[in-house]
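Q: Model the structure of this input:
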Amino acid sequence: MACRISELVLDARDPERLAAFWCEVLGYVEIGREDDGSIEIGPPGAGFGGPQPTLVLSPVQSPRPGKLPLHLDVNPTDRDQEAELTRLLAAGAVPADVGQTGEESWHVLADPEGNEFCLLRKRLPEV
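A: You can find the predicted model right below:
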């Protein structure tokens, strides 16, 4: 028997704002709230335990922005990389510099709280 990733937890100063951002980016919906202020988001109609992991935005007073030991990579599903980049920037992402050369096939971005993530080139089918 093996394990699989069911959810990813991100520390957030403003869970509401990050939940809205990541829902826009991933096409997720809010699926739950906890008494501690955590907000869980996931794929519509699937939720926790579905084929894709959910994200839990967990409130903390001072999360560490920037380079996380783990970061998210996202791929476009219904448009090319440049069109998706435009959409992510409009949703509130900002370019992040982690020492790229400019020759990479991906874009490094940061969410509204400064957490870095990458937009990869390959277009994936929707799940």
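Q: Name the SS class of the residue most central in space within the chain, please.
A: In the chain, the centroid-proximal residue (CA atoms, centre = their mean) is residue 22; its distance is 5.0 Å. Under DSSP: H, G, I helix; E, B strand; the rest coil, residue 22 falls in the helix class.
Q: what's the distance between it and residue 74?
A: Per CB to CB, to the nearest Å, residue 22 is found 10 Å from residue 74. Where you see a C-beta, it was placed from the backbone N, CA and C, and this is true even at glycine.
Q: any weak-confidence spans in this structure?
A: Regions of the chain meeting the criterion pLDDT under 70 cover residues 1, 63-69, 127.
Q: So which elements touch the helix or strand hosting residue 58?
A: Assigned by DSSP states H and E, residue 58 falls within strand 54-59. Secondary-structure packing of strand 54-59 (3 or more CB pairs under 8 Å, 6 or more residues apart in numbering; DSSP states H and E): strand 7-12, helix 15-26, strand 39-42.
Q: Chain neighbours aside, what residue packs nearest to residue 81?
A: In space, and not counting its chain neighbours, residue 81 is closest to residue 121: 4.8 Å by CB to CB, 6 or more residues apart in numbering.
Q: Now do the same for the one you found: helix, strand or coil?
A: Going by three-state DSSP: residue 121 is coil.
Q: these two touch, right, it and residue 84?
A: No - the criterion here is CB atoms under 8 Å, and residue 121 misses it with residue 84 at 9.6 Å.
Q: Just want to know which of those two has more residues nearby.
A: residue 84 (21 against 14; other CB atoms under 10 Å).
Q: List the contacts of that one.
A: By CB atoms under 8 Å, 6 or more residues apart in numbering, the contact set of residue 84 is 76, 119.
Q: go again using 10 Å as the cut-off
A: Applying CB atoms under 10 Å, 6 or more residues apart in numbering to residue 84 gives the contacts 25, 74-78, 107, 119-121, 123.
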